[in-house]
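J.: coordinates only, no sequence provided:
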């Protein structure tokens, strides 16, 4: 029994106002290929399908394409839950009418947590228990309990799951699909916290009893507590803080009398997300050796002088530069004191930078003298006012 | 072969800021009952399912409930198209995965207009050709044609439909489902025009060849050209201009060698939409004989004097009064000239009205004298400034 575990697609998300739909389509197509290549029996998507509750229509179309390919053309069942970014009602619309086709979407939490049982080609079956992201308040209203924290709410949900499990039948493997924050999990900058003050954290040992736990929410692939309690991570780097993460989907194999076998299948992005640090001239010069000029780039610029249209200059070599951090200037300005003679000195230096950038050559001595005279005149006028 | 033809549900619509979800649920439940009662073989919904492209989540949940009841519990297939109010991509999400369950939603226009063929209990089958609302530009891009008007675009679509029809097989009845504006159709205030300047109008005779044409867009039930080319009308009165319309769904019966038989099945709203005209005192007095005080009411008030908190007073008897038209005041103010002596006379009259409404009795002679003296004093001060 083999399935792909993925999560945090965040369809419709932007990176610094840049649409990522093409990038998302690119890696989703890889997931489709991997699903075929590894002859998986299911694809599990553990929440944050969309980036927001009302996704752009193009994101809806993209998801529609991907699901139609998986479910209709390839006949691979898909199990999918709503995450904290999804609009549960919208995502779950008409889901009861999709079950017959092998598409199992859980939007809002159901009072009856019915598993999706899928029989693998190997003969081993797995029961997938879908627990969409919910606030403790929702669990309280659906199950008439007093749970106030995410931990307590998850305990209530898992009790419901346990009631459905036939303990005498060890032929069926039990998989929980959930979107939550495990205590000790490593965060990235691109996740939206589930709550403030730590009430969102769940102890990993709650999940020990299951054969596999397919989690969503954290964007870096990782496990907590035990190797079978696992985040697949997002399909793309959704912030520059993730530049060193390797994105992947998780191939899970469940066999009789053996723990879950896990393999990370890497995803190759259409454009990587990278930070480049250096002086403008060096960055432009060394770009000639860079074979991935289309990557999404953030530049940490070390130059300490004012530069006209920095982003335009970098865009000439890196067309998808998205953000500039003037690290050099910030360090400089932190050191400078606010004295008048500095400002005076600054004007000449700034004009000189400006001139050499626009003209491509430095000010001549004569030109410098002329500018100095003009600045002096302006200052005298200022003082006489 | 029997089916219910309905359209223009506009789920999520408001009437003067009043949510109509309860009212919509009420009549949709009637449609479900009628479908059972008449043993229909299908329910056809000809567009404007939602009121806007991003409907409120509660409207999505309501549609989900209704479709689950019809398709899953009662096993009645549903054929549904997007109208000009719907977001085609959103409405059509995962529709390919719903077909196996008997739910046939057409969101965006497909290059391949495949009919849904449903066999009736009578043995007669019908092929439903779904033509969602589209701009001529969409038809141009999908079918590579030069159509500029809605009429030309519809001709292109109907040619596509005709190509699929097996003329030799007169056992299958052909039904077109469309959301458009037929020339000569009677409009209501609650429809959104498809285009400005008349380029949205389609000649009814384009549809002559089909056995039935289930239309959506116009909110009053009506046919144009021939009785089988028909609008079912909306399920509720969505403006006060529709107060005299009777809302219904259309029961259609198709038999061999006979024209379509049509019967209007009336819908009874939870609360009617009515206009009441009269003087405040009369309206309140006669409300004692009114057995439908919960209706949505617009009042055309004939009183010519200022009245404090009119809507509050009417709400005490009609809790769902939504709008007041001061017909009397408007007529009065149109007659009055803007002279100083009128304004002077007006102040006393206005105060006198105010006093009697707040105190429940008229000003005494002594009080009148006192107010007159105060007003005179104020006017003198005004003139001396």
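T.: On my side now, so go ahead. A quick note: this is a predicted structure, and the numbers were derived from the prediction, not measured.
J.: so where is the stretch 151-300 of chain A shaky, pLDDT-wise?
T.: Counting by pLDDT under 70, the ranges of the stretch 151-300 of chain A that qualify are A:195-198.
J.: would you map the strands across it?
T.: Applying DSSP state E, counting those that start in this stretch to the stretch 151-300 of chain A gives strands spanning A:172-179, A:181-182, A:201-202, A:212-216, A:222-223, A:229-231, A:248-253, A:261-266, A:273-278, A:296-301.
J.: ok, the fifth one: who's next to it in the sheet?
T.: Pointing back at strand A:222-223 there. According to DSSP bridges, strand A:222-223 forms sheet pairs with strand A:229-231 (antiparallel).
J.: distance check, the residue at minimal distance from the centre of chain A against residue A:190.
T.: For chain A, the residue nearest the mean C-alpha position is residue A:238 (3.7 Å; C-alpha atoms, centre = their mean). Relative to residue A:190, residue A:238 is positioned 4 Å away (criterion: C-beta to C-beta, to the nearest Å). Every residue, glycine included, has its C-beta placed from N, CA and C.
J.: list the residues that contact both of these two?
T.: Common contacts of residue A:238 and residue A:190 (C-beta atoms under 8 Å, 6 or more residues apart in numbering or on different chains): residue A:219.
J.: returning to that earlier point: tell me which of the strands of the stretch 151-300 of chain A is the most buried.
T.: strand A:212-216 (a mean of 30; mean count of other C-beta atoms under 10 Å in any protein chain shown).
J.: now what about that one, what contacts it?
T.: With C-beta under 8 Å, 6+ apart as the test, strand A:212-216 has contacts from A:5, A:7-8, A:44-48, A:81, A:83, A:126, A:173, A:175-180, A:182, A:207, A:228-232, A:250, A:252, A:254, A:260.
J.: next: stretch A:8-21.
T.: Applying C-beta under 8 Å, 6+ apart, the external contacts of stretch A:8-21 come out as A:24, A:28, A:45-52, A:55-56, A:58-59, A:62-63, A:83, A:85, A:216-217, A:219, A:232-236, A:238-239, A:273, A:296, A:320, A:322-323.
J.: rounded mean pLDDT for that stretch, please.
T.: For stretch A:8-21, mean pLDDT rounds to 95.
J.: chain center to it: distance?
T.: 9 Å (C-alpha atoms, centre = their mean, to the nearest Å).
J.: equivalent analysis for stretch A:151-162, please.
T.: Centre-to-centre, stretch A:151-162 and its host chain are 27 Å apart (C-alpha atoms, centre = their mean).
J.: what residues of it count as buried?
T.: A:151-158, A:160-161 (16 or more other C-beta atoms under 10 Å in any protein chain shown).
J.: and stretch A:23-38, by the same measure?
T.: Buried residues in stretch A:23-38 (16+ other C-beta under 10 Å): A:23-24, A:26-28, A:30-32, A:34-35.
J.: in JSON lines: those residues, plus distance to residue A:277 and secondary structure.
T.: As requested, these are exported to JSON lines (distance: C-beta to C-beta, whole Å; DSSP: H, G, I helix; E, B strand; the rest coil):
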{"residue": "A:23", "distance to residue A:277": "23", "secondary structure": "helix"}
{"residue": "A:24", "distance to residue A:277": "28", "secondary structure": "helix"}
{"residue": "A:26", "distance to residue A:277": "27", "secondary structure": "helix"}
{"residue": "A:27", "distance to residue A:277": "27", "secondary structure": "helix"}
{"residue": "A:28", "distance to residue A:277": "32", "secondary structure": "helix"}
{"residue": "A:30", "distance to residue A:277": "30", "secondary structure": "helix"}
{"residue": "A:31", "distance to residue A:277": "33", "secondary structure": "helix"}
{"residue": "A:32", "distance to residue A:277": "36", "secondary structure": "helix"}
{"residue": "A:34", "distance to residue A:277": "34", "secondary structure": "helix"}
{"residue": "A:35", "distance to residue A:277": "38", "secondary structure": "helix"}
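J.: which one of those residues is nearest residue A:348?
T.: Closest approach to residue A:348 among those (C-beta to C-beta): residue A:23, at 45.7 Å.
J.: enumerate every residue touching that closest one.
T.: Residues near residue A:23 by C-beta under 8 Å, 6+ apart: A:236, A:269-271.
J.: what about it, distance to residue A:268?
T.: Taken as C-beta to C-beta, the span from residue A:23 to residue A:268 is 11 Å.
J.: and the residue with the largest distance to the centre of chain A, how far from chain B?
T.: Going by C-alpha atoms, centre = their mean, the residue of chain A most distant from its centre is residue A:384, 58.7 Å out. Residue A:384 is 49 Å from chain B, where distance means C-beta to the nearest C-beta, to the nearest Å.
J.: measure that residue to residue A:378 for me?
T.: 11 Å.
J.: how about residue A:225?
T.: 69 Å.
J.: higher neighbour count, these two?
T.: Counted by other C-beta atoms under 10 Å in any protein chain shown, residue A:225 and residue A:378 do not tie: residue A:225 has more neighbours, with 17 against 11.
J.: hang on, that one packs against residue A:202?
T.: No - shown here, residue A:225 and residue A:202 do not form a contact pair, counting by C-beta atoms under 8 Å, at 10.4 Å.
J.: look up phi and psi at residue A:69.
T.: Backbone torsions of residue A:69, given as degrees, to the nearest 10, read phi -60, psi -50.
J.: how is chain A carved up into domains?
T.: Following automatic domain parsing, one finds the domains of chain A at A:2-266, A:273-380.
J.: point out the most buried one among these.
T.: Compared across the domains of chain A, domain A:2-266 shows the largest average neighbour count, a mean of 19 (mean count of other C-beta under 10 Å).
J.: measure that one end to end?
T.: Domain A:2-266 has an end-to-end distance of 17 Å (C-alpha to C-alpha, to the nearest Å).
J.: equivalent analysis for stretch A:270-290, please.
T.: Where stretch A:270-290 begins and where it ends lie 16 Å apart, using C-alpha to C-alpha.
J.: residues making contact with it?
T.: A:15, A:22-23, A:26-27, A:236-237, A:239-240, A:242-243, A:292-303, A:307, A:310, A:313-314, A:316-318, A:320, A:327-328.
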